[in-house]
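>>> Here is a sequence with its predicted model. Questions after.
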There are 2 protein chains.
Amino acid sequence: MRAIAVPGSNSETTRRDNLSALLREVHLAGPRSRSDLVALTGLNRSTVGDLVAELAGQGLVREQRGDSLGAPGRPSPTVHADSDGALVLAVSIAVHWLTVATVGLGCVVVERVRRDWSGEPPSLDRVLGDIHEMSRSLLARPGVHERLVGVGVAAVGPVRSRDGYVHFAPNLGWTAVPMAERIADLLDLGVPVMVRNQSDLGARAEHLRGAGVGVDDLVYLYCDVGVGAGIVSGGRPLVGARGYAGEVGHMTVDPEGSPCGCGSRGCWETVVGERALLRNAGHDPDGGVHEVDAVLRSAETGEPTAVAAVEALARPLGIGMAGLVNLFDPRVVVLGGLFARLAPLLMPGVETELAQRVLSVDREPVRVIPSRLGEDAPLLGAAERAFEPLLADPLRGFARVATVRDGGAMANV
Amino acid sequence: MRAIAVPGSNSETTRRDNLSALLREVHLAGPRSRSDLVALTGLNRSTVGDLVAELAGQGLVREQRGDSLGAPGRPSPTVHADSDGALVLAVSIAVHWLTVATVGLGCVVVERVRRDWSGEPPSLDRVLGDIHEMSRSLLARPGVHERLVGVGVAAVGPVRSRDGYVHFAPNLGWTAVPMAERIADLLDLGVPVMVRNQSDLGARAEHLRGAGVGVDDLVYLYCDVGVGAGIVSGGRPLVGARGYAGEVGHMTVDPEGSPCGCGSRGCWETVVGERALLRNAGHDPDGGVHEVDAVLRSAETGEPTAVAAVEALARPLGIGMAGLVNLFDPRVVVLGGLFARLAPLLMPGVETELAQRVLSVDREPVRVIPSRLGEDAPLLGAAERAFEPLLADPLRGFARVATVRDGGAMANV
DNA sequence: AATGTTTGTGGTACGGTGCAACAAACGTGA
DNA sequence: TCACGTTTGTTGCACCGTACCACAAACATT
């Protein structure tokens, strides 16, 4: 017989779902009066009072005397997420830098540390060592351990969602890294470690707290060195069967094009990625962040070859983006990473291709906008992902787990 | 304040969800013993008994004495969906033909009528007239009206899910058709009329009852005259902000390619669609179904130019498919419509491109398989879509609606 | 200061599922 | 043929969660 299709509901699931809805609301949307929560959920006043009291008892939310804003009637107390009530450790691994932060409920960054790498891409051991060291200083603060509910990691390359395994990261030269397991062993915290692709987490952050708030269908295009996308469709992240969805960088755009690090040729990434920009500008394609900065500064001053190098990305970017728009029908495309920095120079060329190639149905044109969270998007997305089990079940979120590498049931969330 | 994010749960929603889970199970998976339902849902024996009794009271399911299959213990009665308990009218509009059917719960086709068009594509009025006439004979059967819960329509071209509006259908020469409204006015049945794109509905049918049963992540590639895709991700259909997701036919594959009916140029559809096949074979690109049959028969006998014409589709098909696989990370790609008929000849070339261009992470290779439902897929998907409101809320499914054009809350299901 | 409005609070009612005991229906083995 | 173990339906009751109602508290208005 088939596995459980839809597990049945009972009073426990009802309670859990309602607690989850309230905690998620104050976590994502900020402080809310209790009467607002009544209106939002449609639940009864007494029920909301009871639920909020339970969340407050767990230390997850706090209530403050409501201030009357000139309205008649008894003021409703304000409920807000307690940023000390639960914490996560968020890690963002990029090709050129590493960020580690402790983040409190409500997505409040408590403390953050960043380390830049220059020259050659760092080895895996170097990165793991840095994560270890930087985390230790953050976790040493009093009370942090007790309130820690998870670790979220944004990684370069395709990540298998089931167990946070990174099969390869061509732009870092890594292969076969059981990333979640390595980090879990390293930190030994007894909380779940969730590893996801940086683009997927960037999309999550922009959707929940950035340029895509309130937009349930968006495509987030991210360029670190390679190019990836995170897709939110119907308010849910698109993950795919194993977690590899969104690998737009390796769509073939020219069957006879240049070889790509992935083994194929003519991948989109070879014509719109960081290396393509540097090559266009006559710089060393592997020059890294400093060379990119140099090209950007030149382009901003109007230096012709630099401007031309940037603008040469616009057409293939626009053509590929048009395909993505036809595929996903998003309301918004958010440009992240390098694309966000290049946005002013890229937009005219991109818009030209979109106008020509997006299926012109009745819709208002797709809005293409730069990221609002910038380089922090993957980090904040990692934090949000780590909070997810607590938000889904506020009473069990603190349970220490035996298996610390992701969670089967929550693999595709 | 923001709109309701997550409506609260109470005992009513619990009851509704559990009734829905049971009805959906017997509708989709066929007859189930009550003890199976207990195991599947995790609900208590008494609860399942009560729920089944309520569904039986509504005439939606029936119980039969269970036959003991040599196992000890009291036999559990078999619960099966009552195919007379609820009916939908399913309509499938293709470029070359039209099918109308009444379909009972459990997706039992009660009666079906098909009409082929030859020569020029039919006018909108002709099609609507045929739908009217064919439906009337099906609906004239005694008892049909009372048990009818909805109308599902598979249409050519992008369909706006909110209201079933077809902005244009280039392969039929239609523009600006409020299809759901037109059909609702035509039939005047007082039940919701849901119009969706044929590829989206084909994907739904293959997912629920065809080649993709049990596969929660699949891409369904459908070729009627144009090329479209229906995507199921995480068990849910991908719809996009307005319902236009999956328009793969108009991804640019050659920026300088031939012009397409959509106004752009170099669209995928121009190199892998029906017209491309006929052009490759030296036939009239607009020759329609008879010319296609002629090419297929020649190819099957090994006639070289016909074989070459088919095989010439394989490479661009494989390249584009590789991009889709990288984007969606499906477990299965289902070939529908013309692609299913061409599958044996196309597969070698397609597999070559996939092997080269799909990001070779640890996954087992994507399986590319032909449709199991063939030309019926969009029809059955339309039926499934029409059953959805009943399955989601078995007690209210029979309520006659004032607004018969789709449903706001269920627009993106 | 009186009044109307809005909201929190506490007690009770209602609905849904879970549980335990019993009965029914089967196969097995003496 | 009958006693026994096993599995499952059935029934009455307990438990849990939310809804409802009445009342009190806290505000603005007049």
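Thanks, I have it.
>>> thought A:Q58 was touching A:P394?
Yes: counting by C-beta atoms under 8 Å, A:Q58 touches A:P394, with 6.5 Å between them. Using the backbone N, CA and C atoms, a C-beta is placed for each residue, glycine as well.
>>> Which one's more surrounded, these two?
Set A:Q58 next to A:P394 and count neighbours by other C-beta atoms under 10 Å in any protein chain shown: A:P394 wins out with 27 against 18.
>>> isn't the more buried one right next to A:L23, touching?
Yes: between A:P394 and A:L23 there is a contact at 4.8 Å, judged by C-beta under 8 Å.
>>> what about A:R279, how many residues close to it?
A:R279 has 17 nearby residues by other C-beta under 10 Å.
>>> Buried residues, the helix or strand where A:V350 lies. List them.
Secondary structure from DSSP states H and E places A:V350 in helix A:338-357. Residues A:338-343, A:345-347, A:349-351, A:353-354, A:356-357 are the ones in helix A:338-357 that count as buried (16 or more other C-beta atoms under 10 Å in any protein chain shown).
>>> Then stretch A:214-226?
A:215-226.
>>> Endpoint to endpoint, it covers what distance?
End-to-end distance of stretch A:214-226: 28 Å, with C-alpha to C-alpha, to the nearest Å as the criterion.
>>> still on that earlier bit, kindly indicate which of the buried residues of helix A:338-357 lies nearest A:A308.
Proximity of the buried residues of helix A:338-357 to A:A308 (C-beta to C-beta) peaks at A:L345, which lies at 10.2 Å.
>>> Without its sequence neighbours, what residue ends up closest to the closest one?
A:V310 (4.5 Å; C-beta to C-beta, 6 or more residues apart in numbering or on different chains).
>>> what's the burial count for that neighbour?
23.
>>> mind listing what it touches?
A:V310 makes contacts with A:277, A:280, A:295, A:299, A:342, A:345-346, as judged by C-beta atoms under 8 Å, 6 or more residues apart in numbering or on different chains.
>>> what ranges do the strands span in the stretch 151-300 of chain A?
A:159-160, A:165-169, A:174-177, A:193-197, A:218-223, A:227-233, A:236-237 (DSSP state E, counting those that start in this stretch).
>>> what is the mean pLDDT for the last one?
When you say that, I think you mean strand A:236-237. The average pLDDT within strand A:236-237 is 96.
>>> can I get the buried residues of stretch A:214-226 in a markdown table with distance to chain B?
Shown next, in a markdown table, are those (distance: C-beta to the nearest C-beta, whole Å):
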| residue | distance to chain B |
| --- | --- |
| A:V215 | 8 |
| A:D216 | 7 |
| A:D217 | 4 |
| A:L218 | 9 |
| A:V219 | 10 |
| A:Y220 | 13 |
| A:L221 | 12 |
| A:Y222 | 14 |
| A:C223 | 16 |
| A:D224 | 17 |
| A:V225 | 16 |
| A:G226 | 11 |
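>>> separation between A:M134 and A:V100?
4 Å (C-beta to C-beta, to the nearest Å).
>>> Let me see the confidence value for the residue in chain A that DNA strand C sits nearest to.
Residue nearest to DNA strand C within chain A: A:G73 (2.1 Å; C-beta to the nearest atom of the strand). For A:G73, the model assigns a pLDDT of 81.
>>> Perfect, I'm done here.
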